[in-house]
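Participant: I would like to see how this sequence folds:
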Amino acid sequence: MWIADHWNDYEVIDCSKGEKLERWGDYILVRPDPQVIWDTPKKEKGWHRMNAHYHRSKKGGGEWEFFDLPEQWTIRYERLGLKFHLKPFSFKHTGLFPEQAANWDWFSEKIRKAGRPIKVLNLFAYTGGATLAAASAGAAVTHVDASKGMVQWAKENAAASGLADAPIRWLVDDCVKFVEREIRRGNHYDAIIMDPPSYGRGPKGEIWKIEDAIHPLVRLCTQILSEQPLFFLINSYTTGLQPAVLAYMLGTEMRPYGGTVRAEEIGLPVTSNGLVLPCGASGRWEAD
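Facilitator: Predicted structure coming up:
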């Protein structure tokens with residue numbers, strides 16, 4: 001398992017009975033997590049002194065209960081010098097998946113050591129965690145997401161991180177259609193990152209279903225790789241794709257480039273008991 005264990009401003013304090021107790025900077029949140037199926041005593045004081053609690057509804061969805069939480073606050077990933085604005089919004093999210101820092105650290109080092117200019121394409125780029133990590137390492141990044149609001153949020157995170165003038169292209173677009181146009185335009189990238197949802201809609205109502213679309217998209221993306229690709233990263237959080245599936249797709253489509261494929265679960269350490277909370281999986285191809 002790849003573990004995001006270099007955070008100072010974030011931690012999973014404890015987890016029990018389908019919920020996790022988290023510290024996001026100065027604030028304590030309780031959110032549901034389907035991986036937490038065990039029932040252990042909730043001894044940590046944060047369970048009784050939380051700033052917000054997301055309650056899952058039996059009918060699906062849920063809602064936040066707030067006690068003392070600002071509308072927005074900021075945390076820092078000091079290892080890469082990145083800052084992120086957070087705010088609670090629909091379906092329990094805060095605007096950041098902190099477990100992805102395990103991947104940020106990995107590809108940031110690869111970019112810094114490449115010894116050449118690196119162009120990165122970040123698809124389903126959300127609020128820009130991977131975009132900022134790549135840009136801070138010196139890459140030129142194309143950031144693509146179907147949500148105008150998420151792209152604006154990512155721009156604000158870039159400004160907070162001192163990357164407002166970094167070579168980042170911000171695009172609100174359907175990811176598949178964007179890649180198809182890049183093929184026709186003859187544009188190429190040295191690295192590709194994608195974090196696809198299980199289901200989604202593009203800006204013009206385009207429907208994305210992970211089981212139908214992920215492998216064809218990976219195949220399309222190989223057509224826009226440069227002659228010397230550096231890495232290809234696929235994340236699976238809500239999709240339920242197993243590491244072996246990610247490894248198979250990357251291994252199949254990247255075979256002409258040689259290199260190495262690995263796929264693992266990614267996770268976050270739990271402070272109270274020394275365990276690691278699984279948070280999906282990632283597949284990584286990297287050049288030899």
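Participant: what about Val36, how many neighbours?
Facilitator: Number of residues near Val36 (other C-beta atoms under 10 Å) recorded here: 19. Where C-beta positions appear, they are placed from N, C-alpha and C, glycine not excepted.
Participant: okay, it: pLDDT?
Facilitator: Per-residue pLDDT puts Val36 at 94.
Participant: in contact with the nearest residue to it once chain neighbours are set aside, which residues?
Facilitator: In space, and not counting its chain neighbours, Val36 is closest to Cys15: 4.5 Å by C-beta to C-beta, 6 or more residues apart in numbering. By C-beta atoms under 8 Å, 6 or more residues apart in numbering, the contact set of Cys15 is 21, 33, 36, 270, 277.
Participant: show me the helices in this protein, by range?
Facilitator: Secondary structure of the chain (DSSP state H): helices located at 101-113, 129-136, 148-160, 175-185, 210-222, 243-253.
Participant: so which of the ones you listed is the most surrounded?
Facilitator: When you average the neighbours per residue for each of these (mean count of other C-beta atoms under 10 Å), helix 129-136 leads with a mean of 27.
Participant: which one (most neighbours) among the contacts of Cys15?
Facilitator: Leu21 (24 neighbours).
Participant: how close does it sit to Val12?
Facilitator: 7 Å (C-beta to C-beta, to the nearest Å).
Participant: from what I can see Asp26 touches Thr74, true?
Facilitator: No. Checked against C-beta atoms under 8 Å, the pair Asp26 and Thr74 is beyond contact range at 10.2 Å.
Participant: looking at those two, which has the bigger crowd around it?
Facilitator: Neighbours were tallied for Asp26 and for Thr74 using other C-beta under 10 Å; the higher tally belongs to Thr74 (15 against 10).
Participant: my read is that the more buried one contacts Lys83, right?
Facilitator: Yes. Using C-beta under 8 Å, Thr74 is in contact with Lys83, at 5.6 Å.
Participant: any common contacting residues for these two?
Facilitator: Counting by C-beta under 8 Å, 6+ apart, the common neighbours of Thr74 and Lys83 are Ala160.
Participant: if we can go back for a sec, tell me the one among the contacts of Cys15 nearest to Ala135.
Facilitator: Lowest distance from Ala135 to those (C-beta to C-beta) belongs to Leu277, with 28.3 Å.
Participant: skipping adjacent residues, who's closest to the closest one in space?
Facilitator: Nearest non-adjacent residue to Leu277 (C-beta to C-beta, 6+ apart): Leu268, at 5.0 Å.
Participant: what is the neighbour count of that neighbour?
Facilitator: Around Leu268 there are 25 other residues, counting by other C-beta under 10 Å.
Participant: mind checking pLDDT for it?
Facilitator: pLDDT, Leu268: 97.
Participant: Pro229 versus that one, what's the distance?
Facilitator: 29 Å.
Participant: then Ala281?
Facilitator: 21 Å.
Participant: these two: which has the busier surroundings?
Facilitator: Neighbours of Ala281 and Pro229, each counted by other C-beta under 10 Å, are more numerous for Ala281; the result is 25 against 22.
Participant: contact partners for the more buried one?
Facilitator: 235-236, 241-243, 246, 263-266 are the contacts of Ala281 under C-beta under 8 Å, 6+ apart.
Participant: and if you look at Asn8?
Facilitator: Residues in contact with Asn8 (C-beta under 8 Å, 6+ apart) are 76, 78.
Participant: how near is it to Val151?
Facilitator: In this structure, Asn8 and Val151 are 28 Å apart, going by C-beta to C-beta.
Participant: cool, His93 as well?
Facilitator: 16 Å.
Participant: ok, Asn187 next?
Facilitator: Using C-beta to C-beta, Asn187 is found at 19 Å from Val151.
Participant: and if you look at Val276?
Facilitator: Taking C-beta to C-beta, one finds Val276 at 32 Å from Val151.
Participant: so how far is Ala134 from the residue nearest to Val36?
Facilitator: To Ala134, Cys15 is 30 Å away according to C-beta to C-beta.
Participant: residues in contact with the closest residue to Gly128 other than its chain neighbours?
Facilitator: Leaving aside its chain neighbours, Gly128 sits nearest to Ala154 (3.0 Å; criterion: C-beta to C-beta, 6+ apart). Contacts for Ala154 (C-beta under 8 Å, 6+ apart) come out as 125-128, 131-132, 143, 145, 170.
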